[in-house]
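S.K.: quick check, what structure comes out for this input:
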Amino acid sequence: MTNLSWGSWGAIWAVLLFLVDLATIARAVTREHRSPASRLAWSVVIMTLPLVGVIAYFFLGDTSADRKSDKKLKDLRRELPKLPRGSLPSADLPLLYRQAFARAGSVNGFQPVSGNHATATIDSNESIDWLVADIDAATEHVHILFYIWLADNNGTKVAEALIRAAGRGVKARVIVDGLGSRRLLYDPLWAEMKKGGVQTVVAFAFRFPLISAFFRRLDIRNHRKIVVIDDAITYVGSQNCADAAFLVKRKFAPWVDIMLRVTGPVAWQAQRLFVSDWMVHGGDDIAECLDHTPAMEDGGFPAVMAGTGPTESIQAVPDMMQMLLASAQDKVIITTPYYVPSEALHQQICAAALRGVNVRLNVPATNDSLIVAFASRSFYRSMLNAGVEIFEFQPGLLHAKILSIDGSAALVGSPNMDQRSFDLNYENSMMLVDANVVGDLRGKQEAFISMSVPVQRDTVAGWSVPRRILINSIGMLAPLL
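M.R.: Numbers count the residues shown, from 1 in each chain. Have a look, this model is predicted:
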């Protein structure tokens, strides 16, 4: 038997690598709930970067955390109630928004409910001050979930309030994300919270990332911001449990956020999202927290919560946004830190402007992700040509996530306008209709725009060829970001 030459071994390895590439491409194009653009992008990456593309796909391509968590989440979605005990009157929704609300309600099986009241906070510090006051007034339970929790001034204030609550017999439960709050997990403050009686759970925890990466996708995270106090108060918005100075990324500070403090029956829906996250990530069975009928307040507005994620209704976030945009008659304001939308959502934004709606997009001038910043700018030319006004926020990183429609309807919450929030992260949003609350949100959006610089069409048209090549090349990766 003759020995194989180096050339023969090289040919064998080339064939094996080609077969591995083909098998990985087959997996990429047959995965459910993936857009054609994403399938094409991954196929190109795998073929143009042999072996590296395969490794990248298995680390970053599959939209699944791990089979055990996925199964538990799906089981809980079926088992936990989707509606509270007793009957609540159907929300009286304007005809223009009924389909958008129906899509939002379909995500978790919720129904729009009336009788809600909300107030928007002025800034991050006020959000934390209000939260601490509500925790200090709690008598039954405090449930909190944050993607990022820092042991800074604001983070410590909330932790100390929770310890005080637990000390007087209030059930204090906290969920943090294992990646976003990793610094807190090694800080004495985390140990003090547990020692003080605060019950804790870590979402998507991992101890050995290089090993864990072979069994699960590490960048699927719980990006939600949920607060529920005594079944009656909830907070929704973009705020993490941290100072605006945001020490982990201080050079981009201040981080500018929006939170709504909400009372009314929609708090039950936020509770349902918290309970499922608590139980799936190792917490005890607290399903009894859903065994009550929410109190109906006089007046108030209709709203519905939507807890999205890779095991929930696929593409729910862009669907909700597209349906709201389709209803717009006069003015749309989009506030987001990251603009890397799906092609369908981007076209809907441009279409709204083309049919005469005043569409304004507000993004940060300086972004904490350089790649996302370049990808965002790849959309500028088509938006400006369609008549969309683009503004780049100057004093810090605009982190608020708001879509307001005609000053009467809005979607506010944790999702960014990017593929990560659409496909990978677990997010929570609230859709509402109310001229007063949405008018307040729109006023804050206008204030952000007043601190921004408009992007001129001539400036974008004058970008150099090398800059356009760089921006558009990164923009081609949008389905993967």
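
S.K.: quick one: the helices in the stretch 151-300 of the chain?
M.R.: 153-167, 182-185, 188-195, 209-212, 266-280 (DSSP state H, counting those that start in this stretch).

S.K.: what's the most buried one of these?
M.R.: helix 266-280 (a mean of 25; mean count of other CB atoms under 10 Å). Using the backbone N, CA and C atoms, a C-beta is placed for each residue, glycine as well.

S.K.: avg pLDDT for it?
M.R.: Regarding helix 266-280, the rounded mean pLDDT is 96.

S.K.: same question for stretch 352-365.
M.R.: 97.

S.K.: would you reformat the helices of the stretch 151-300 of the chain as TSV and include distance to residue 433?
M.R.: Output for those, formatted as TSV (distance: least, CB to CB, whole Å):
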stretch	distance to residue 433
helix 153-167	31
helix 182-185	37
helix 188-195	38
helix 209-212	43
helix 266-280	12
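
S.K.: residue 99: which of those helices is closest?
M.R.: For residue 99, the closest of those is helix 266-280, at 19.2 Å, according to CB to CB.

S.K.: extract the C-alpha set from the closest one and format it as PDB.
M.R.: These are the backbone C-alpha positions of helix 266-280, laid out as PDB (Å, rounded to 0.1, in the frame of the first residue of the first chain):
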ATOM      1  CA  VAL A 266     -51.500  45.700  31.900                       C
ATOM      2  CA  ALA A 267     -49.200  45.100  34.900                       C
ATOM      3  CA  TRP A 268     -50.600  41.600  35.000                       C
ATOM      4  CA  GLN A 269     -49.200  40.900  31.600                       C
ATOM      5  CA  ALA A 270     -45.700  42.200  32.700                       C
ATOM      6  CA  GLN A 271     -46.100  39.900  35.700                       C
ATOM      7  CA  ARG A 272     -46.700  37.000  33.400                       C
ATOM      8  CA  LEU A 273     -43.500  37.700  31.500                       C
ATOM      9  CA  PHE A 274     -41.500  37.900  34.700                       C
ATOM     10  CA  VAL A 275     -43.000  34.700  36.100                       C
ATOM     11  CA  SER A 276     -42.100  32.700  33.000                       C
ATOM     12  CA  ASP A 277     -38.500  34.100  33.000                       C
ATOM     13  CA  TRP A 278     -38.100  33.400  36.700                       C
ATOM     14  CA  MET A 279     -39.200  29.800  36.400                       C
ATOM     15  CA  VAL A 280     -37.300  28.900  33.200                       C
END
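
S.K.: of all the helices of the stretch 151-300 of the chain, which one comes closest to residue 390?
M.R.: Using CB to CB, the helices of the stretch 151-300 of the chain put helix 153-167 closest to residue 390, at 31.4 Å.

S.K.: ok, and what's touching stretch 46-55?
M.R.: 17, 20, 21, 24, 25, 28, 42, 45, 56, 57 (CB atoms under 8 Å, 6 or more residues apart in numbering).

S.K.: from the structure, what's the count of residues near the fifth one?
M.R.: By the criterion of other CB atoms under 10 Å, residue 25 has 20 neighbours.

S.K.: what about it, distance to residue 53?
M.R.: Distance, residue 25 to residue 53, by CB to CB, to the nearest Å: 9 Å.

S.K.: what touches both of those two?
M.R.: 42, 46, 47.

S.K.: mind putting these into TSV with secondary structure, distance to residue 383 and pLDDT?
M.R.: Formatted as TSV, those follow (DSSP: H, G, I helix; E, B strand; the rest coil; distance: CB to CB, whole Å; pLDDT from 0 to 100):
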residue	secondary structure	distance to residue 383	pLDDT
42	helix	26	73
46	helix	31	79
47	helix	31	77
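
S.K.: only whichever of these are buried, select them in ChimeraX.
M.R.: To isolate the buried members of these in ChimeraX, using 16 or more other CB atoms under 10 Å:
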select :42,46
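
S.K.: and stretch 139-158, end to end?
M.R.: 16 Å (CA to CA, to the nearest Å).

S.K.: low-scoring stretches of the stretch 101-250 of the chain, by residue?
M.R.: 207-218 (pLDDT under 70).

S.K.: next one: residue 203 from residue 172, what distance?
M.R.: 17 Å.

S.K.: now do whichever strand or helix holds residue 8: distance to the chain's middle.
M.R.: Residue 8 is part of helix 6-30, with elements assigned from DSSP states H and E. Relative to its chain's centre, helix 6-30 lies at 37 Å (CA atoms, centre = their mean, to the nearest Å).

S.K.: what residues of it count as buried?
M.R.: Of the residues in helix 6-30, those buried (16+ other CB under 10 Å) are 21, 24, 25, 27, 28.

S.K.: could the residues you listed be laid out in JSON lines, adding distance to residue 373 and pLDDT?
M.R.: Listed next are the buried residues of helix 6-30 as JSON lines, based on distance: CB to CB, whole Å; pLDDT from 0 to 100:
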{"residue": "21", "distance to residue 373": "31", "pLDDT": "74"}
{"residue": "24", "distance to residue 373": "30", "pLDDT": "77"}
{"residue": "25", "distance to residue 373": "30", "pLDDT": "77"}
{"residue": "27", "distance to residue 373": "31", "pLDDT": "74"}
{"residue": "28", "distance to residue 373": "27", "pLDDT": "72"}
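
S.K.: what sits against the residue nearest to the spatial centre of the chain?
M.R.: The structure's the chain has its C-alpha centroid closest to residue 415; by CA atoms, centre = their mean the separation is 2.6 Å. Contacts of residue 415 were listed using CB under 8 Å, 6+ apart, and they are 223, 308, 317, 401, 421, 422, 425, 427, 429.

S.K.: and for the fifth one, nearest residue in space, chain neighbours not counted?
M.R.: Taking CB to CB, 6 or more residues apart in numbering as the measure, residue 421 lies nearest to residue 415, with 3.9 Å between them; neighbours along the chain are not counted.

S.K.: against residue 223, how distant is that neighbour?
M.R.: According to CB to CB, residue 415 and residue 223 sit 8 Å apart.

S.K.: so what are the domain limits for this structure?
M.R.: As given by automatic domain parsing, the domain ranges for the chain are 6-60, 112-301, 316-480.

S.K.: include distance to residue 100 when you put the ones you listed into a markdown table, please.
M.R.: Below are these laid out as a markdown table (distance: least, CB to CB, whole Å):
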| stretch | distance to residue 100 |
| --- | --- |
| domain 6-60 | 21 |
| domain 112-301 | 10 |
| domain 316-480 | 4 |
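
S.K.: thanks a lot, see you next time.
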